[in-house]
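Colleague: Any chance you can model this:
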Amino acid sequence: MLVLSRREGEKIVFPNLGVTLEVLRVKGNTARLGVRAPDDVRILRDELVEDEDSPGSNVFSPTRRLSHAVRNRLHAANLALHLFRKQLDRGMVEQAEQTYEKILHEFEALEAEAAALKPEPRAAAGPPRACRTLVVEDDANECELLAGFLRVSGFEVATSGDGAVAIDYLASHDRPDLVLLDMMMPRFDGRATIASIRENPRLADLKVFAISGTSPSELGVPTGPHGVDRWFSKPVNPESLVREISRELQERCTCPAGK
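Modeller: You can find the predicted model right below:
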C-alpha cells in the first residue's frame, strides 16, 4: 500500500495510466481534488453523471481494448471518488480519509493492470539469411561452375549429381528456397524429379527452375504449380539467372546480387 500525506499541492502519478491525482486545496472539512487523465478517460462531477446519455455512466470511459479486470477497477475507482466527495461535503473527515486510501489502492491496482496490458516487446529479428539453392546437374563441371557463380553472388549452395540424389537430399536436409534442375539426366531425369517433388506435401510448393537445352513441350513438363516454376534454356546467362532468382525470392531471404 502506498501511504502518502494529503498536503496541498501533493501529486500522485500513475504513469502507465496517464493519470495524476493532486490535492489542490484543503479548507476545513473540504478538500479540492484534481484528477488529470488522458482524453479517453472522462472526469465528471457527480451532479453531471445523471445527465449522461447512457444510464449508469462511469467517471472513466475506457477503450474497448481494456480487459474485464481493468473495467472493474475503473468502476471501483469511480465509486470511491464519488464517495470521497460526498463524505467531505458532509464533514465525514475520518471516513473520507479511509476512502482516500481505497482510491489510492484502486489506482495502484489499475497501474499494475495497465502495465500488464502493454504488448510484449518483439524479439529483435536476426540477421537476414542468404538464399539456399540446390543445384541438380549430372555434368560435374557445369554443376561446380554454376554453384561457384551462385556462391560468389551470395547464395548458400548444395549440389546433387542426379534427380535421385536430389530427392534423398531434400528428404534429409532443411528445405532450400530454390532448386535449379537440369532436365536431361541419365538415371533419374528432371521430369521424374519434378514429379517426386510435387507429390511430396512438404515440397509441393518448392520453387523449381529448370535449366535445359530442350523445351517444356518436348519433355512434356508443365510450367506452374504442378511442374516447374520457370524454364531457362542452355546456354544460360548466369547474371540474368541470378537476377531472376533474386526477384523471385526477395521476400524469403537475402540475395545480395539481386539488390
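Colleague: Once you drop chain neighbours, what's closest to Phe149?
Modeller: Computed as C-beta to C-beta, 6 or more residues apart in numbering, the closest residue to Phe149 that is not its neighbour in sequence is Pro238, at 4.8 Å. Glycine gets a C-beta too; all of them are placed from N, C-alpha and C.
Colleague: oh, I was asking about Leu206
Modeller: Ile197 (5.9 Å).
Colleague: Verify the stated contact: that neighbour with Val179.
Modeller: Yes. Between Ile197 and Val179 there is a contact under C-beta atoms under 8 Å: 7.3 Å.
Colleague: After the helix or strand harbouring Leu74, heading C-terminal, what element do we hit next?
Modeller: Taking DSSP states H and E as the definition, Leu74 sits inside helix 68-89. Using DSSP H and E, the helix or strand that follows helix 68-89 in sequence is helix 93-117.
Colleague: Tell me which other helices or strands that next one touches.
Modeller: Packing partners of helix 93-117 (3 or more C-beta pairs under 8 Å, 6 or more residues apart in numbering; DSSP states H and E): strand 11-14, strand 19-27, helix 68-89.
Colleague: mind redoing it with 10 Å?
Modeller: strand 11-14, strand 19-27, strand 30-36, helix 68-89 (3 or more C-beta pairs under 10 Å, 6 or more residues apart in numbering; DSSP states H and E).
Colleague: Run through this protein and note the low-pLDDT ranges.
Modeller: The chain contains residues with pLDDT under 70 at 1-19, 21, 23-33, 37-68, 113-128, 255-259.
Colleague: now with 90?
Modeller: Residue ranges of the chain with pLDDT under 90: 1-131, 153-154, 183-191, 204, 212-227, 233-236, 246-259.
Colleague: domains of it?
Modeller: By the assignment in automatic domain parsing, the chain contains the domains 11-117, 132-258.
Colleague: can I get those in TSV with mean neighbour count?
Modeller: Formatted as TSV, these follow (neighbours: other C-beta atoms under 10 Å):
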stretch	mean neighbour count
domain 11-117	15
domain 132-258	17
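Colleague: Tell me who's in contact with the closest residue to Trp231 other than its chain neighbours.
Modeller: Spatial nearest neighbour of Trp231, excluding adjacent residues (C-beta to C-beta, 6+ apart): Ala210 at 4.8 Å. Listed by C-beta atoms under 10 Å, 6 or more residues apart in numbering, the contact set of Ala210 reads 136, 179-183, 190-191, 193-194, 216, 219, 221, 223, 227-233.
Colleague: Take the residues you listed and keep only those in strands.
Modeller: The strands, defined by DSSP state E, take in Val136, Val179, Leu180, Leu181, Asp182, Arg230, Trp231, Phe232, Ser233 from the contacts of Ala210.
Colleague: Bridged to the last one, which residues?
Modeller: Assessed by DSSP bridges, Ser233 has beta-bridge partners Ser212.
Colleague: hang on, it packs against Ser212?
Modeller: Yes. Counting by C-beta atoms under 10 Å, Ser233 touches Ser212, with 6.8 Å between them.
Colleague: mind listing what the closest residue to Ala130 other than its chain neighbours touches?
Modeller: Nearest residue to Ala130, sequence neighbours excluded (C-beta to C-beta, 6+ apart): Glu156, at 4.9 Å. Glu156 is in contact with Arg129, Ala130, Cys131, Arg132, Thr133, Leu134, Leu150, Pro176, Asp177, Cys253, counting by C-beta under 10 Å, 6+ apart.
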